[in-house]
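> pasting the sequence and the predicted model now:
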Amino acid sequence: MRVIVLIMLALGAICAHAGRLVTLDEVIALARARSVDAAVAANELRSAYWEYRTFRADLLPEVNFKATVPSFSKRYNSYQREDGSYTFLRDDNIMLNGSVNVEQRIWLTGGTVSLSSSLDFVRQLGDGAANRFMSVPVALRLTQPIFGVNDVKWSRRIEPVRYREAKARFISDTEQVAMQAITYFFNLLSAREARASAAQNVTNAERLYEAARVKRDMGRISENDLSQIELNLLNSRSDLTAGESRVRSCMFQLRSFLDIADDEELIPVVPDEAPRADIDYDDALTRALDNNSLALNVRRRQLEADYEVAKARGAQREINLFAQIGFTGTDATAADAYRALRANQVVEVGVSIPILDWGRRKGRVRTAQSQAALVRDRVRKEQQDFRQNLFVLVEQFNNQRGQLDLATRASEIATRRYDSSVETFLIGKLSALDLNDSQENKDSARSKYLSELFYYWYYYYQLRSLTLWDYATDTPVEADFRAVINQ
């Protein structure tokens, strides 16, 4: 019974330390769902969405109700007599007013048209108290800048581009989250592989050291060879200690990035296959220009620069037209105030033309034009850099498949050579230096294989983030924007 209990405890301890196996695809999915970087990208998309919704709402009619219920006044007001002298009169009253207004921006001209209806009531208190109503059943107002910039027109050109840019940037950001997840995944994978290799090297070094001591006692190897093997053992133990520390550090980074509990051990699984794709630069450039946020960013910045030039030019002279037409009535009762209506018309044109401003407005126009030219030059530079970086990335990715195949083959050969070297040393037909060389080659080849595998996956997702195209399935990289916004 005691033996059974000990066996069960041992199995429980093994299971507790076995950890959780995670694949690269699983880590990428967790990163997109739980990482802080993914949350930041989602919040940026939501912010852009509500900014766009606000812009769309500004284009629609606005209906509002305003009222004062009531306004009480009990004070003295100054009054000028016919002879020019002043006196003060008592003014005690209660006032009520309410209005309904419908306002709409005019897309074509940038002006504002509004339709309103209002009713005002005043009751004079004190001696001779009386009620008075004034109605405005309908009033149509127009406010129109003559030479000013049409803000509505520019907003309708800029804001849709800004929102499409935000959506494309969100997809690119999620792909960059995947790239970061790949980095942490392979860091942990490499650390665990290095630790496992170091542990195996320690086991082999201990085995070889014991065998070497026996051979030394028999006079079959020199003291120098024995010292070399002992030194290999000490170095292997040192590498194992350093490997343990690196595994803990990489484990912490990955768990923190994925928002996973600190007591859960993750065991990354080496990916069996990497996505195979032969990518043509011209095709990648076309997809990047069609899908990447850079093209939309360029378009938006150019529009904003042109908008600033238009505003500066419009501010050189200001002419505003104000017109109002409607009907009004006043009487002692509310019903009668709507019967005897009179025309109510106002037309007002305001002019502001600078005579002498020492070139300030002209300087603003020139400044805006210079800024627009600077934006165009920066955009050209960014586009050139983008094309160059994309070309280099395509070349690196296409070349990486060959590098990965070579590294895979080299790792297999180095492992077989090391296994053979250990057996050859045990029978006394290999020197300690040759054995040490085969061990170093084996570890280096395995590390090289994992490094090449990492770069292959990293380049692949980097291409996805730039082109927003999945070359493995030949489909666009998309996102459920509605689900993200409604989270």
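It's in.
> ok, how many other residues are close to residue 43?
Residue 43 has 12 neighbouring residues, counting by other CB atoms under 10 Å. For the C-beta atoms, the positions are set from N, CA and C on the backbone; glycine is no exception.
> next, residue 472: secondary structure please.
For residue 472, the assignment made with DSSP: H, G, I helix; E, B strand; the rest coil gives coil.
> these two touch, right, residue 449 and residue 408?
Yes - Residue 449 lies in contact with residue 408 (CB atoms under 8 Å); the separation is 5.8 Å.
> who has more neighbours out of these two?
Taking neighbours as other CB under 10 Å, residue 449 and residue 408 compare with residue 449 leading, 22 against 15.
> how about the helix or strand where that one lies: buried residues?
Residue 449 belongs to helix 432-467 when assigned by DSSP states H and E. Going by neighbour count (16 or more other CB atoms under 10 Å), the buried part of helix 432-467 is 432, 435-436, 438-439, 441-443, 445-450, 452-467.
> what average pLDDT does it get?
For helix 432-467, mean pLDDT rounds to 86.
> for that helix, packing partners?
helix 151-217, helix 223-258, helix 281-291, helix 360-426 (3 or more CB pairs under 8 Å, 6 or more residues apart in numbering; DSSP states H and E).
> I'd like those helices as JSON lines, with distance to residue 315 appended.
Output for the helices and strands packed on helix 432-467, formatted as JSON lines (distance: least, CB to CB, whole Å):
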{"stretch": "helix 151-217", "distance to residue 315": "13"}
{"stretch": "helix 223-258", "distance to residue 315": "50"}
{"stretch": "helix 281-291", "distance to residue 315": "36"}
{"stretch": "helix 360-426", "distance to residue 315": "6"}
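> pick the most buried one from these.
Stretch with highest mean neighbour count among those: helix 151-217 (a mean of 19; mean count of other CB atoms under 10 Å).
> state the mean pLDDT of it.
On average, helix 151-217 scores 89.
> and the angle for it with helix 360-426?
20 degrees (axes from the mean of the first three to the mean of the last three CA atoms, to 10 degrees).
> run through the neighbouring helices and strands of helix 151-217.
Partner elements for helix 151-217 (3+ CB pairs under 8 Å, 6+ apart): helix 24-34, helix 36-58, helix 223-258, strand 266-268, helix 293-314, helix 360-426, helix 432-467, helix 481-485.
> so which of those is nearest residue 322?
Among the helices and strands packed on helix 151-217, helix 293-314 comes nearest to residue 322, with 17.7 Å by CB to CB.
> what's the angle from the closest one to helix 151-217?
Using the same axes, to 10 degrees, helix 293-314 lies at 150 degrees relative to helix 151-217.
> need the CA coordinates for the helix or strand following helix 293-314. CSV is fine.
Sequence-wise, the next helix or strand beyond helix 293-314 is strand 318-331, with elements assigned using DSSP H and E. Written as CSV, here are the backbone C-alpha positions of strand 318-331 (Å, rounded to 0.1, in the frame of the first residue of the first chain):
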residue,chain,number,x,y,z
GLU,A,318,-14.5,87.3,-45.1
ILE,A,319,-18.0,88.0,-46.3
ASN,A,320,-20.9,86.4,-44.5
LEU,A,321,-24.6,86.4,-45.6
PHE,A,322,-27.4,86.2,-43.0
ALA,A,323,-31.0,86.0,-44.1
GLN,A,324,-34.2,85.3,-42.1
ILE,A,325,-37.8,85.2,-43.3
GLY,A,326,-40.8,84.3,-41.3
PHE,A,327,-43.9,85.5,-39.5
THR,A,328,-44.5,86.9,-36.0
GLY,A,329,-47.6,87.9,-34.0
THR,A,330,-48.2,89.4,-30.6
ASP,A,331,-51.3,89.8,-28.4
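> related to what we said a few turns ago, how about the helices and strands packed on helix 151-217 in a markdown table, adding distance to residue 203?
Shown next, in a markdown table, are the helices and strands packed on helix 151-217 (distance: least, CB to CB, whole Å):
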| stretch | distance to residue 203 |
| --- | --- |
| helix 24-34 | 29 |
| helix 36-58 | 40 |
| helix 223-258 | 9 |
| strand 266-268 | 20 |
| helix 293-314 | 52 |
| helix 360-426 | 11 |
| helix 432-467 | 12 |
| helix 481-485 | 50 |
